[in-house]
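Enquirer: Make a model of this:
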Amino acid sequence: MRSFYTKLAVIFSIILVVFGMIVAFISIRASSKVAQESLQKINHDLAPTLVESFEPIVKDEFNQQKIEALLTRLRGTNPQFDFYLLNGEGKIKSSIPASKQKINVANATVDVEPLDDFIAGEPLPILAADPLNPGQMKPFSAAHISIMGSQGCYLYVVLEGEQFSETFAVLSESYITRGSLIIIGLALIISLIVGLILFRQLTQRLDVIKSTVADFERGELTKRIPVKGNDELSDLSRCFNSMADNLYHNMMEIRKSDQLRRELVANISHDLRSPLASIQGYLETIQLKGEDLTREQFTQYVETALGNTKRLNKLIGDLFDLSKLDAEQVKPALESVSVAELVQDIALQFKPIAAKKNIELSAGFPEQPNSYITADIGLLNRAIANLINNAIEHTPEGGKVSITFSKDGTNVRLEVCDSGSGIPESDLPHIFDRFYQADKSRSSDSNAGLGLAIAQKIFSLHGGKISVDSPLETGTTFKVWIPESS
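Expert: As a prediction, the model looks like this:
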C-alpha cells in the first residue's frame, strides 16, 4: 500500500462499489414507486365506480352474506385487489382479500387520513396501510359510501393485494433487479477500468517527478522535469525546474566565491607578508646596528618602515570598507554636487602623483559644465580616485591619463582614459570582481584588487553603473553613468 497508484486504485474501487450499491438500491426503490404510481393512476376511479354497486346492498341493512357475495364477484373480476368496507373511523366492517385470507375484522382498523387525501384529489402516489401486512404501505383506491344511513364510510380497495405483491416481487427480482444490477455492474467495471488507466497516467507523471527530484538530490544538478500540459503537476514541474535553476546558479556563485576567497587569502597573504617582512627587516637592522647608523640611514629606514605601515593600513581599510559596502551598512550623506568642481579637485589631487611618473594628467570639461548630481561627495571622490589611481598605476612613463564628463540623456557620463597596454579580453568579465587582478605579477599593486570593486559598489549605491573598454595596446577607458539632479 506504499504505492500512491495502489492507494488511488483501492479508494476509487471502494467508492465505485459503494456508489453502485446506492444506485442499485435507489433504482429498485424508484422502479417500485413508479409501478405503484402507475397502478394507482390507472385504477384511480375504481372505488367510486364500485360504490354504485355497494350502496343498494347496504342502504337499509348490513347483510354480510350479500356483501361478501358481491365482493367475491368483484374479486373474481380483479383477483389481485383486496376489498374492504370501513366505517368513518376506519374500522373494517367487511373484507374480501384476494388471497382469501381471513382477518380479525373485530380489531382491524385503517388510518383514514390517506383515504381522505385521495378522495380530496391530493397528488399521487398516496399510500395507505395494508390490513393483511401491518407496517406496509400500498397504493389504493377509495371512495365515500353510505352504510345504513351512516355517512362518511369508505369503500377501500388495496390495489397491491397479497397475490399481486407476490407476483410483482417475483417479476421485480427476475427483471428489474437483475437488469439494474447488470447495467450498474457493467457501468462500474467500465468506470473502474477507465479510472485505473487515467490514474496510471497521472501516477506515471508523479513517478517522473519523483525520479528527477531523487536524481537532483543525489547531485545530478542538471536534471530537470519535462513539462507537459497546463495543470497542477505542470505548475509543480515548472516550480521545481525554476528552483533547481536557482540552486544551480547559487552553487556556481558559491563555487566562484570560494575560488575568489582562496585567491583573496593568497593575495592578502602576499600583500601582508611583503610590507611586514620589510618593516621587520628595517627594524631589526636599526636594532642591531643602532648607533652605527648614520642619520641619513636611520631616517631612510624609518621612512621605509613607515611607508610599509601606511600600505598595510590602506589595505586593511579597503577590506573593512568593502565589507561594509557588501553588508549595505554604508548610508550616503547626499547633497547636490557640481561635477565640474569634483573632477577638477580630483585632478589637482593626482597631478603630483602623475608628475612623479612623468604622466600627463588632464581634465576636460564641456562647454556648459554646470551639471549637478545628488551624491555623497566623500564616497564619490573615493570611487573616482580609485579609477584614476588605477589608470596611473597601469600607464607607463610618458603616457597620458584624462578625465572627462558630459551629459548623456538624464545621466552624467564620466570617462577615465589611460594610454596603458590595456586589459586582456579574458580578464575583462572579472575586472570588477573583488580581489581579482589582471596583473598576476603584482609587482606594484598595493590594494589587492579591491579598488575597482569598491568603486563599483559606490557607483551602484548612487544609482549609477560602470563599464570598461580596453582594446589591447590601445589603453583602457572606464565609463561611469550617474543620474543628473532634477
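Enquirer: Where in the protein is the helix or strand with the lowest mean pLDDT?
Expert: helix 162-171 (a mean of 49; mean pLDDT, DSSP states H and E).
Enquirer: Skip ahead from that one and say which helix or strand is next.
Expert: helix 178-217 (DSSP states H and E).
Enquirer: what's the offset of that following helix from the middle of its chain?
Expert: 25 Å (Cα atoms, centre = their mean, to the nearest Å).
Enquirer: Just give me how far the next helix or strand after it sits from the chain centre.
Expert: Next in sequence after helix 178-217, counting helices and strands by DSSP H and E, comes helix 232-289. Helix 232-289 sits 36 Å away from the centroid of its parent chain (Cα atoms, centre = their mean).
Enquirer: and helix 232-289, what does it pack onto?
Expert: Contact analysis of helix 232-289 by 3 or more Cβ pairs under 8 Å, 6 or more residues apart in numbering; DSSP states H and E lists helix 178-217, helix 295-326 as its packing neighbours. (Glycine included, C-beta is placed from N, CA and C.)
Enquirer: on contacts alone, who are the packing partners of the longest one?
Expert: Packed against helix 178-217 by the contact rule (3+ Cβ pairs under 8 Å, 6+ apart) you find helix 4-42, helix 232-289.
Enquirer: Determine which of the ones you listed approaches D408 most closely.
Expert: Closest to D408 of these is helix 232-289 (Cβ to Cβ; 31.4 Å).
Enquirer: and the angle from the closest one to helix 295-326?
Expert: Relative orientation of helix 232-289 versus helix 295-326 (axes from the mean of the first three to the mean of the last three Cα atoms, to 10 degrees): 170 degrees.
Enquirer: now the helices and strands packed on helix 232-289 in JSON lines, with mean neighbour count?
Expert: Below are the helices and strands packed on helix 232-289 laid out as JSON lines (neighbours: other Cβ atoms under 10 Å):
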{"stretch": "helix 178-217", "mean neighbour count": "14"}
{"stretch": "helix 295-326", "mean neighbour count": "14"}
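Enquirer: now for those helices, which one comes closest to T49?
Expert: Ranking the helices and strands packed on helix 232-289 by proximity to T49 (Cβ to Cβ) places helix 178-217 first, at 35.3 Å.
Enquirer: The protein - how does it break down into domains?
Expert: Annotated domains of the chain cover 44-158, 233-326, 335-483 [automatic domain parsing].
Enquirer: Lowest average confidence across the helices and strands packed on helix 178-217, which one?
Expert: When these are compared on mean pLDDT, helix 4-42 scores lowest, with a mean of 74.
Enquirer: Distance from that one to the middle of the chain?
Expert: 38 Å.
Enquirer: buried ones in that helix?
Expert: Using 16 or more other Cβ atoms under 10 Å as the burial criterion, the residues of helix 4-42 that qualify are 8-9, 12, 16, 20, 23-24, 27-28, 31, 35-37, 39-40.
Enquirer: Nearest to D207, out of the domains of the chain?
Expert: With Cβ to Cβ as the measure, domain 233-326 is the member of those nearest D207 (11.4 Å).
Enquirer: gap between that closest one and the chain center?
Expert: 45 Å.
Enquirer: cool, stretch 334-344 as well?
Expert: For stretch 334-344, the distance to the chain centre is 50 Å (Cα atoms, centre = their mean).
Enquirer: Ok, stretch 46-64 next?
Expert: Using Cα atoms, centre = their mean, the offset of stretch 46-64 from its chain centre is 80 Å.
Enquirer: residue ranges with poor pLDDT in the stretch 351-486 of the chain?
Expert: 367-369, 434-449 (pLDDT under 70).
Enquirer: what ranges do the strands span in it?
Expert: 360-364, 372-375, 400-408, 411-418, 465-469, 477-483 (DSSP state E, counting those that start in this stretch).
Enquirer: Provide the contact partners of the last one at residue level.
Expert: Just to be clear, that refers to strand 477-483. With contacts defined as Cβ atoms under 8 Å, 6 or more residues apart in numbering, strand 477-483 is touched by 373-375, 380, 384, 387, 390-391, 408, 410-418, 459, 462-470.
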